[in-house]
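Trainee: One predicted model, sequence on top.
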Amino acid sequence: MGQADVNVNLWLKDTKRFADLFNAILFQGKPVILPENLHLSPETTAVSLQDVQGKNVVKKQYRDIIMNWQDQAVLMLLAVESQTAIHYAAPLKVMLYDSLEYAEQVRVKWKERPPRLSSAEFLSRFQKNDKLIPVITLIFYYGTEEWDGPLELHQMFDLGTEKSHAERMKKYLPNYRINLVDVRRLKNLESFQSDLQIIFGMLQCSQDKYALRTYVANHKDYFQKLDLETYHALGAFLNSRQLMEISVEKNEMEELDMCKALEDIYNDGVQAGIQTGIEQGRQSGIAEGEAHGKELGIAEGKASHKKEVARQMQKLGYSLDAIAAVLRESVDGISKILAVVG
């Protein structure tokens, strides 16, 4: 598991967030699953199986997060597998995780078996009236690319080109479907009642640097007072190693300011544009190249950045006054910039 997934998993283990995630996906935001009814379950499942030579082999699987949900008569296991990259064997991966969880339940029940069993029960190592605890697994995908991997086991099979034969075979092939949560493309964010709504909203505009800065500024009351786990999770979401690796002593700081961090990222981008302009100036071959190139590069870098910001703000529906205020230009100047861009 990479550092990014570790940070995201630590953040999602908060029972309020975990409950909110499942309530939004399973129950359209209704508070069916309560945080106080969630309890962490062991994340390692080990099962002893026999290989083809009859030898016992221990198989272990490490889940990202799995919790017991106990609500009156309802008992379920809720699991999350974090993905920052597309997994083209996700249905098989989730099927194996869930199957091993069920196999472990069978093993535990067998250890508690009563003295009298029927021959069929003894053969099955499972009593006639035994029941398994259901497992629901969500794939928590926060990658930037749109998911194009299979969503069910059937999509991983090659059943030939004869459609009628393929459909008939599917009736006899067990299927396994994954529950994909593509957080950058979720709709109905109002179904989330915790800070998941704010974070997922941020992720949906994070590919546009200006839109991201604007979103964070509009939610500064939240982003200026972050705990360390949230700060690290945001670093994973934004693929910023600088944010993921910051460490804070307990008594040194209780809250972290994401607004300032994003401003630094923004300034780094501006400086990169300036450096690109400088390099273009240097390659012009003119005698006074380096000095002139530096001046030209700085001017071109800033101008190019302003054009892009103005264009993105216009796409988001901002008025000319608002764009001018942000870029510290006159309204006429912004109008000219947009006219050139258009």
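Mentor: Ah, there it is.
Trainee: Check what pLDDT Leu189 gets.
Mentor: On pLDDT, Leu189 comes in at 94.
Trainee: OK, contacts around it?
Mentor: Gln197, Phe200, Gly201 (C-beta atoms under 8 Å, 6 or more residues apart in numbering). To be clear about C-beta, it is placed using only N, CA and C from the backbone, and glycine gets the same treatment.
Trainee: among those residues, which are in helices?
Mentor: The helices, defined by DSSP state H, take in Gln197, Phe200, Gly201 from these.
Trainee: excluding its backbone neighbours, what's nearest the last one?
Mentor: Of all residues beyond its chain neighbours, the one nearest Gly201 is Leu189 (5.7 Å), with distances taken as C-beta to C-beta, 6 or more residues apart in numbering.
Trainee: ok, now how distant is the one you found from Phe140?
Mentor: Going from Leu189 to Phe140 by C-beta to C-beta, to the nearest Å gives 15 Å.
Trainee: now Trp147
Mentor: 12 Å.
Trainee: who has more neighbours, those two?
Mentor: Phe140 (23 against 18; other C-beta atoms under 10 Å).
Trainee: Surely the more buried one is within a helix?
Mentor: No. Under DSSP: H, G, I helix; E, B strand; the rest coil, Phe140 sits outside any helix and is assigned strand.
Trainee: right, and it touches Val8 too?
Mentor: Yes. Counting by C-beta atoms under 8 Å, Phe140 touches Val8, with 7.2 Å between them.
Trainee: Find the residues that touch each one of these two.
Mentor: Counting by C-beta under 8 Å, 6+ apart, the residues touching both Phe140 and Val8 are Ser82.
Trainee: okay, now Arg311: neighbour count?
Mentor: Residues near Arg311, counting by other C-beta under 10 Å, number 16.
Trainee: so which strand or helix has it?
Mentor: Here Arg311 is covered by helix 289-315, with elements defined by DSSP states H and E.
Trainee: pLDDT (mean, whole number) over the helix or strand just after that helix?
Mentor: Downstream of helix 289-315, the next assigned helix or strand under DSSP H and E is helix 320-327. For helix 320-327, mean pLDDT rounds to 73.
Trainee: Check which element follows the lengthiest strand in the chain along the chain.
Mentor: When the chain is parsed with DSSP state E, its longest strand is strand 74-83. Heading C-terminal from strand 74-83, the first helix or strand you meet, by DSSP H and E, is helix 90-111.
Trainee: Now find how far off-centre the very next helix or strand once past that following helix is within its chain.
Mentor: Per DSSP H and E, the first helix or strand lying C-terminal to helix 90-111 is helix 119-124. Relative to the centre of its chain, helix 119-124 is centred 44 Å away, using C-alpha atoms, centre = their mean, to the nearest Å.
Trainee: what's the answer for stretch 315-332, then?
Mentor: 33 Å.
Trainee: Just the terminal-to-terminal distance for that stretch.
Mentor: 18 Å (C-alpha to C-alpha, to the nearest Å).
Trainee: And for it, what's in contact with it?
Mentor: Stretch 315-332 is contacted by residues Ala211, Thr214, Lys306, Val309, Ala310, Met313, Gln314, Gly333, Ile334, Ser335, Ile337, Leu338 when judged by C-beta under 8 Å, 6+ apart.
Trainee: Filter these down to the buried ones.
Mentor: Neighbour-count burial (16 or more other C-beta atoms under 10 Å) applied to the contacts of stretch 315-332 gives Ala211, Thr214, Lys306, Val309, Ala310, Met313, Gln314, Gly333, Ile334, Ile337, Leu338.
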